[in-house]
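Trainee: pasting a predicted model and its sequence here:
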Amino acid sequence: MNPTINCYLKLEHILNKEKKTARYDCTAFAGYYPPLETLKNKKGQLFFYLMRSRNDKSTTPEHYLQASKDSMNLTGLFHYWDEDKLSGFCSGYPSTKELFDNKKKTPNPFYENRNDAFLFIIHWDKDKQEPMPTPTAIEMIVLQDTKVLIDAYRKQLILGGFDEELNMLRGQAKPIFKY
């Protein structure tokens, strides 16, 4: 039995010349997930930055997604790399802290949803021979109350276990901001 999917997002790489950090704007959204609403900026845009972790602990993922608003970390991207290659499939989950560790000590909008988890499909230009490829798009699905089983669901995603649901969500997804 598949878990409840709360929402689907398609994040696309926006080429921003002023910044070195890759920015991913939400260009398609389906479903409902209140914590993400709090991350929209004043224009109604929802976007994230793909960041490299500075922490080298073995339990810390090498990359994470940071919200543009108040520099809140959405999630670490677990299994981003597989045998030194971009895996294409990642998992993550929101922080369990009530307050973020940022400068403002912002309340965590995901705290009530701390047992949810995220699955990611990473798209990149496979023709480019880059040692550290920059993803062109990131698809994200939010699974309700699946934090403890997220690695099993990531493997299910790899094996096509969510293909039907993903195709339906892709068809339903609408832009949340007109660029």
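Mentor: Noted; the coordinates are in hand.
Trainee: from here on, just use CA atoms for contacts and neighbour counts.
Mentor: Fine.
Trainee: could you pull out the strands for the protein?
Mentor: With DSSP state E as the criterion, the chain has strands at 5-14, 22-31, 47-52, 63-67, 73-76, 81-82, 85-86, 89-92, 117-123, 137-143.
Trainee: paired strands for the last one, with orientation please.
Mentor: In the sheet containing strand 137-143, its partner strands are strand 5-14 (antiparallel), strand 117-123 (antiparallel), by DSSP bridges.
Trainee: what do you get for the third one?
Mentor: Strand 47-52 has its sheet partners listed here by DSSP bridges as strand 22-31 (antiparallel), strand 63-67 (antiparallel).
Trainee: can you say which of the strands paired with strand 137-143 is packed in most?
Mentor: Greatest average neighbour count among these goes to strand 117-123 (a mean of 22), per mean count of other C-alpha atoms under 10 Å.
Trainee: list the contacts of that strand.
Mentor: 87-94, 135-147, 150, 153-154 (C-alpha atoms under 8 Å, 6 or more residues apart in numbering).
Trainee: mind doing that once more with 7 Å?
Mentor: Contacts to strand 117-123, defined as C-alpha atoms under 7 Å, 6 or more residues apart in numbering, come from residues 88-94, 135-147, 150, 154.
Trainee: do the same with stretch 29-48
Mentor: Residues contacting stretch 29-48 (C-alpha under 7 Å, 6+ apart): 6-10, 23-26, 65-69, 109-110, 169, 172-177.
Trainee: would you mind checking those residues for buried ones?
Mentor: 7-10, 23-26, 65-68, 109-110, 169, 173-174 (16 or more other C-alpha atoms under 10 Å).
Trainee: how far off centre is the helix or strand bottoming out on mean pLDDT in the chain?
Mentor: Here the helix or strand of the chain ranked lowest by mean pLDDT, DSSP states H and E is strand 85-86, holding a mean of 76. How far strand 85-86 lies from its chain's middle: 17 Å, per C-alpha atoms, centre = their mean, to the nearest Å.
Trainee: can you check stretch 110-121 too?
Mentor: Relative to its chain's centre, stretch 110-121 lies at 10 Å (C-alpha atoms, centre = their mean).
Trainee: mean confidence for it?
Mentor: Throughout stretch 110-121, pLDDT has a mean value of 97.
Trainee: how far does that stretch stretch from start to finish?
Mentor: 21 Å (C-alpha to C-alpha, to the nearest Å).
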